[in-house]
Structures are given as C-alpha cells and as structure tokens.
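[1] Need coordinates for the below:
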Amino acid sequence: MAPLRLAAAACAASGPIAAALTLSPPAPRGLARASEENPVGSPRPADLAAWANGPRTVEASTLHHAEVRSLVGDYNLSIAAYGRWEDSMVSAELLAGNGRWETRHVKELCRLYRESGAVGNFLDIGANIGTFAIPLADCLGGGGRVLAVEGMPPTADHLVAGILDSRLKNVDVYPYAVGASGDPRTVTMSLNPVNKGGSAVKGNKPFTNMTDDQLQDLFHPGKKAQKYAQKVVVKEFSVPLTTGDHMLYHNPAMKAIVIAKVDIEGYEGRFIRGSNTLFTKYPPCFMTIELIPEWLERAGTPAQEILDQLTAWGYKDVPTLAGLMKSNVEAKTRTVVQRDMAKCLQRVRSYASQQ
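    Numbers count the residues shown, from 1 in each chain. Predicted structure coming up:
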C-alpha cells in the first residue's frame, strides 16, 4: 500500500518535469458495462509452496526482517521489508525499530471486523509487503480469509515471505494486477526506486515514463548523476491482469467480503470498472479506498464517475469531488460503508458459513 504520508519524490513528479510529460490515459468507458465484457485472465491464488525454498524474483539476502505486534495476542508477526534505502517509506519505518506503519488504521479495521461479528473475509487490493494483510489475517484467525492482491513480482516475494514467516494459513495471494474487463491481459508495472508502495502501472505516474536525466532530477534534485555510484533505474515487469468479477467467479470467498482496502496508485477506478457484479451483488460492507483525482484521471477513470458509482452501489460517507480536490494526501484515503449495514452483514454471514 502506498503510504498516507507521501514524499513528493517518491510518488509523482511536480514542476517542470511533470509538465514536460504527456500521459495518454485509456479512453473512458461506462462503468456499469465494463465488467460485462469478456473477462480478463483466470485468476487462482498462488501456491505458496512455490516459495518454500526462497523468493522467486529477488535474492533472499534482500529480505529484511521486521516485526509488528499482533492486535489480538501477546506475540509479534513478521514482515519481510525491503532495505531502508530501497524503500524509504514503509520498510524504512518498520526497520526503524518501532514496528509501526499505519498501526492505528490497521487496528481500526481489526476492531470493525470484531465488532461486526468476527465473520467474513478481508480483500486487500494492493497488499504491498503485507502491513495490512498480515496483521489482519492474524486478527481474522479462524473466522475468515485474507485475499491479498499484489501484482509487482518483487513485492509479492516480500509479501509471501512475511506470510510464511508468520505461519499464517488463511491468506490467498493473487499475483495479479487488477483492472477492467476490456483491459489487456498483461500490463507493464514500474517498480518505484525509493518507495515500493508507490510502484504503479506504467504510464499512470510520471516517473514511469521519465528519461534517465528526468529520473535523476526527480530522485536527486539539484545533484549531478556522476556523484552517485548507483544510477536511478526504474525496473519494469510484465504482470498478468484480472478483474474483481473474475476473482469472484473463481473464488466464492469473494461473496463474503466484510472489509476491503483498495490502494493501487490510481488504478482504483479500473478495479471498480471490472467489479460491477461484485459490488452490485456482494459489496464489501466497509471499504477503505485511495481516491487521488489526478491519478484516477490518468488511468482514464474520472474521479466523479467513481464517486457516483460508489453511491449507486449503496455506500455512504462517499466524499465529494470538491472535497477531495481540497484535501491533503492523507484525507484522500476514505472509508465508505454500506447504508444498510444489517443487510450487508447478514449476507456476509450467510456466505461465510458456506465456505
């Protein structure tokens, strides 16, 4: 997950560099009909046994052990962080020794789960290294499963390493990008050099399309490239793409999502477009979603359309576009809830009992 406190250099370009780039977003399409087209991909949870002998994309030596405190017991959970110089946000915070990253937010989601009957599943779209997925899997215990979606291969390695080290048995990992049904079956994802949670589908953030000189100016402003032994490089990965509706088709656990977190660096709208059946019939009762209008616009999904669609699907506490535009970065991550919460929780309990 991208941090709620963002360093400008870690997330998006500004000033003359950003102005020099022209991004061409996909053409907007109707939200309701997008998921009625041919589904993309055939998603299945990854077999975590494939990681038993170590990570698949990165070197084992690059996995840095960090701990977070369990929210429900007197013990610690493990997260496999990046090195603090590779990831100056989430990993650096965890490795600083305080074992904290958005602890209050994670604790609140655990509280909502417990107070809502402790049944149902948690959907984590953009799981990053697991700062939400791992403690919430522990919080759910035997009451539900975590469906963790993380398309960036090196980050998925870190996520799975933490799950295995924490000995969690209730996590399904989906190594996919998510989007709309008409999207390509694969997308190129760009790994952010200094903020791994800020990685994005190529073209959705300025840094993904920058020249070498522009990258140097962005990440080392005012410095000359030759002063640095290691050149700034944006690694790219071809990643399979699927939709929320196709995940639903292949996994009945999607019918019993009590809480969802959606944070995929501007692709939130494309996930919404590919999840019409999910949100029409089986909407998560609580959903935390990042809504940054500029990033949504670049992905071809205007923020107002997304806000209108959330309202149509029965959510309250949906922000206005004017409110989002005036908010700081932290306030652009909002939690929306179903208006008829009793009905939603009853449906979740019904489908959870069938798992």
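
[2] Could you check the pLDDT of the spatially most central residue of the chain?
    The structure's the chain has its C-alpha centroid closest to Gly126; by C-alpha atoms, centre = their mean the separation is 1.6 Å. pLDDT, Gly126: 98.

[3] Report the separation between it and Arg69.
    Distance, Gly126 to Arg69, by C-beta to C-beta, to the nearest Å: 23 Å. (Glycine included, C-beta is placed from N, CA and C.)

[4] residue boundaries of the helices in the stretch 51-200 of the chain?
    Listed in chain order, the helices of the stretch 51-200 of the chain (DSSP state H, counting those that start in this stretch) span 90-93, 103-115, 133-140, 153-165.

[5] about what we covered before: the residue nearest to the centre of the chain touches Gly266, doesn't it?
    No: counting by C-beta atoms under 8 Å, Gly126 does not reach Gly266; the two are 10.7 Å apart.

[6] that older thread, can you tell me which of the helices of the stretch 51-200 of the chain is nearest to Tyr75?
    helix 133-140 (8.9 Å; C-beta to C-beta).

[7] Quick check: mean pLDDT of the closest one?
    Helix 133-140 comes out at a mean pLDDT of 97.

[8] With stretch 56-63 instead?
    The model assigns stretch 56-63 a mean pLDDT of 95.

[9] tell me the contacts of the nearest residue to Gly266 once chain neighbours are set aside?
    In space, and not counting its chain neighbours, Gly266 is closest to Trp295: 2.9 Å by C-beta to C-beta, 6 or more residues apart in numbering. Contacts for Trp295 were tallied using C-beta atoms under 8 Å, 6 or more residues apart in numbering; they are Ala12, Asn204, Lys205, Glu265, Gly266.

[10] what do you get for Arg349?
    Gly117, Val119, Gly120, Ala256.

[11] wait, isn't Leu218 in contact with Thr208?
    No: with contact defined as C-beta under 8 Å, Leu218 and Thr208 do not form a contacting pair (11.4 Å).

[12] list the residues that contact both of the two?
    What both Leu218 and Thr208 touch, as defined by C-beta under 8 Å, 6+ apart, is an empty set.

[13] Quick one: distance of stretch 117-135 to the chain centre.
    10 Å (C-alpha atoms, centre = their mean, to the nearest Å).

[14] typo on my end, stretch 260-269
    That offset, for stretch 260-269, works out to 6 Å (C-alpha atoms, centre = their mean).

[15] in which helix or strand would I find Gln216?
    Here Gln216 sits within helix 212-219, counting by DSSP states H and E.

[16] From the contact counts, what lies against that helix?
    helix 15-20 (3 or more C-beta pairs under 8 Å, 6 or more residues apart in numbering; DSSP states H and E).

[17] Flag every buried residue along the helix or strand containing Leu345.
    Using DSSP H and E, the element containing Leu345 is helix 341-352. Across helix 341-352, burial judged by 16 or more other C-beta atoms under 10 Å covers Cys344, Leu345, Arg347, Val348, Tyr351, Ala352.

[18] pretty sure the second one is touching Val258, no?
    Just to be clear, that refers to Leu345. Yes: assessed by C-beta under 8 Å, Leu345 is found in contact with Val258 at 7.2 Å.

[19] overlap in contacts of those two?
    The contact lists of Leu345 and Val258 share Ser116, Gly120, Cys285, where a contact means C-beta under 8 Å, 6+ apart.

[20] Can you give me every residue that contacts the second one?
    It refers to Gly120. Tyr113, Gly143, Gly144, Ala256, Ile257, Val258, Ile259, Cys285, Leu345, Val348, Arg349, Ala352.

[21] The same query, at a cut-off of 6 Å, please.
    Going by C-beta atoms under 6 Å, 6 or more residues apart in numbering, Gly120 touches Gly144, Ala256, Val258, Val348, Ala352.

[22] how far away is it from Met341?
    12 Å.

[23] ok, now the first one?
    As defined by C-beta to C-beta, Ser116 lies at a distance of 8 Å from Met341.

[24] related to what we said a few turns ago, next, format the shared contacts of Leu345 and Val258 as TSV and append pLDDT and distance to Asp165.
    Formatted as TSV, those follow (pLDDT from 0 to 100; distance: C-beta to C-beta, whole Å):
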residue	pLDDT	distance to Asp165
Ser116	95	29
Gly120	97	26
Cys285	98	30
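
[25] Tell me, how many residues neighbour the closest residue to Arg334 other than its chain neighbours?
    Residue nearest to Arg334 in three dimensions, not counting chain neighbours: Pro319, with 5.5 Å by C-beta to C-beta, 6+ apart. Look at Pro319: counted by other C-beta atoms under 10 Å, it has 17 neighbours.
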